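Trainee: give me coordinates for this.
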Amino acid sequence: MTVLAPSALLGRLKRLRLGSLAAAAVLAFGIGAAAPAKAQVDLGAGLSLSGSVAATTDYLFRGISQTRNRGAFQGSLELSHESGFYVGAFLSTATFLATNARQELDIIGGFRFETGPVKWDTYVIGYTYPGYTAQPGQFELSYLEVGVRGTVDVGNDVSLTAAVNYSPNFFGRSGSGVYLEGGVDWKIPGIDVTLGGRLGYQFIDRYQRFGIANDGYLWYGITLSRDIAAGFSASVGFYGTDLSERECGGLKICNARFVGTLTWKF
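Mentor: Okay, the predicted model is just below:
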């Protein structure tokens, strides 16, 4: 999941922002760190398998469209062990300006554990773009990220989350990238609807190669989500960044927008 197009357009050009969802959270919220779906199938020997498929009106990664403001189809799978270790994958359609990239495949591995009231998730994500071929003047899009996320319940159906991710060579070979995120989720009593909010900041070393005018940008998201029935859930969110169209390479992929997503988990 990433942002703009490669360096062939370096004065003009968008990130991974693949995945996600990451991952499934990315499917439903566009939050940007691939988050696996809740385990549903018990395989025995402490193993469980979960997955999801989703249709969304736009694939956002950390506030930036990965599909040039178009809809996307997405899917995820996760194999987890009761010890806390897990591996997974996230697949989404994707489109970046002036490239032949048409899909994003993220491979995820991590370990979950708890210390007191805090639930931790430590992970490594490999963002890949199968079928992409760099043309003269362009750079490889794929990259690695490592990260840690902590979540704590604070009562009254409210949870707080914070995360930090690091990439030694971010999307489009744009140098080191550091990502910080904080958020809150509130399950509204009586109506089975969850109100979520996220605020994140992405630092990028070679920001011009990435395709933006600053060495970092802020993004935000506010979502409403609800389980429906038979594994289906729906969400609607409003997302934006502090990048103007001019600062985003003249593209509309950083503009504020509403996004709707329908997800089925199994």
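
Trainee: give me the neighbour count for Gly231.
Mentor: Using other C-beta atoms under 10 Å, Gly231 has 15 neighbouring residues. For the C-beta atoms, the positions are set from N, CA and C on the backbone; glycine is no exception.

Trainee: any idea of the pLDDT on it?
Mentor: Gly231 carries a pLDDT value of 93.

Trainee: ok, how many other residues are close to the residue nearest to Val193 when sequence neighbours are not counted?
Mentor: Spatially, and ignoring its direct neighbours in sequence, Val193 is nearest to Arg226 (4.8 Å; C-beta to C-beta, 6 or more residues apart in numbering). Other residues lying near Arg226 total 14 when counted by other C-beta under 10 Å.

Trainee: do the same with Ile107
Mentor: 15.

Trainee: in the chain, which spans are helices?
Mentor: 24-29, 207-210 (DSSP state H).

Trainee: confidence-wise, which of those helices is weakest overall?
Mentor: Among the helices of the chain, helix 24-29 scores lowest, with a mean of 34.

Trainee: list the buried ones in stretch 40-52?
Mentor: Under the neighbour-count criterion of 16 or more other C-beta atoms under 10 Å, stretch 40-52 has 48-52 buried.

Trainee: er, stretch 94-105 actually
Mentor: 94-97, 99, 101, 103-105.

Trainee: of the buried residues of stretch 40-52, which belong to strands?
Mentor: Among those, DSSP state E puts 48-52 in strands.

Trainee: re earlier: list the contacts of the residue nearest to Val193.
Mentor: Taking C-beta atoms under 8 Å, 6 or more residues apart in numbering, we find Arg226 in contact with 192-194, 233-235.

Trainee: just the buried residues of those residues.
Mentor: Those of the contacts of Arg226 that meet the buried threshold are 194, 233, 235, by 16+ other C-beta under 10 Å.

Trainee: let me know the closest of those residues to Ser174.
Mentor: Nearest to Ser174 among the buried ones among the contacts of Arg226 is Ser235, at 29.8 Å by C-beta to C-beta.

Trainee: returning to that earlier point: and the buried residues of stretch 94-105, which two are the farthest apart?
Mentor: In terms of C-beta to C-beta, those reach their longest pairwise distance at Leu97 and Leu105, which sit 20.0 Å apart.

Trainee: need the buried ones among the contacts of Arg226 in TSV with distance to Asp205, can you?
Mentor: Below are those laid out as TSV (distance: C-beta to C-beta, whole Å):
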residue	distance to Asp205
Thr194	35
Ser233	37
Ser235	33
